[in-house]
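A.B. asks: The sequence isn't on hand, but the structure is:
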């Protein structure tokens with residue numbers, strides 16, 4: 001393990017770019033609070049992000065009053081067998097019909113690690129005090145599976161600060 005990446009395993013043969021992309025897309029599952037999507041519209045190969053627009057997760061993110069959205073922009077470099085990753089954090093404004101992403105001059109980019117957590121207590125349906133919800137969002141919930149999948153493919157995860 002390194003500061004911004006994970007070394008590829010020398011004992012694992014490197015898979016093709018298409019196989020790595022498929023392996024990363026296979027990380028998507030309905031129970032995960034993140035998703036990995038095609039990034040070609042934004043000039044990258046893949047984007048990993050919190051599922052703030054997904055109806056299953058929207059209420060959780062809104063209740064948590066999440067004010068920022070974390071995204072990882074990834075380019076796959078088949079010559080170096082690297083998943084080059086650049087993190088960005090955007091401001092979120094919640095509206096009645098769901099989240100609205102807004103880019104502000106204060107957005108963050110580079111390599112970002114953040115943890116947000118909280119809980120709310122109120123009277124429950126039984127009219128007793130109790131916990132209404134509890135949440136924890138950690139950027140490593142997104143990064144760790146990507147790093148592990150890249151290493152399993154014989155590729156290196158390389159976090160970059162300036163440019164992909």
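C.D. replies: On my side now, so go ahead. Predicted model only: the values in this text are computed from it and were never measured. Numbering: from 1, shown residues only.

A.B. asks: Could you use CA atoms for every contact and neighbour count after this?
C.D. replies: Noted.

A.B. asks: and residue 49, what are its bridge partners?
C.D. replies: Note on residue 49: beta-bridge partners by DSSP bridges are residue 35, residue 71.

A.B. asks: where in the chain is pLDDT low?
C.D. replies: Across the chain, the stretches falling below the confidence threshold (pLDDT under 70) are 1-10, 52-68, 91-121, 132-137.

A.B. asks: Which helix runs longest in it?
C.D. replies: Assignment by DSSP state H gives helix 140-152 as the longest helix of the chain.

A.B. asks: who's in contact with stretch 42-49?
C.D. replies: Contacts with stretch 42-49, where a contact means Cα atoms under 8 Å, 6 or more residues apart in numbering, come from 21, 34-40, 69-76, 142.

A.B. asks: Correction: the previous question concerned stretch 24-41.
C.D. replies: Stretch 24-41 is contacted from outside by 45-51, 57, 73-74, 142, 145-146, 149-150, using Cα under 8 Å, 6+ apart.

A.B. asks: Need the buried ones from the residues you listed selected in ChimeraX.
C.D. replies: Restricted to buried positions by 16 or more other Cα atoms under 10 Å, the ChimeraX selection for the contacts of stretch 24-41 reads:
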select :45,46,47,48,49,50,51,57,73,74,142,146,149,150
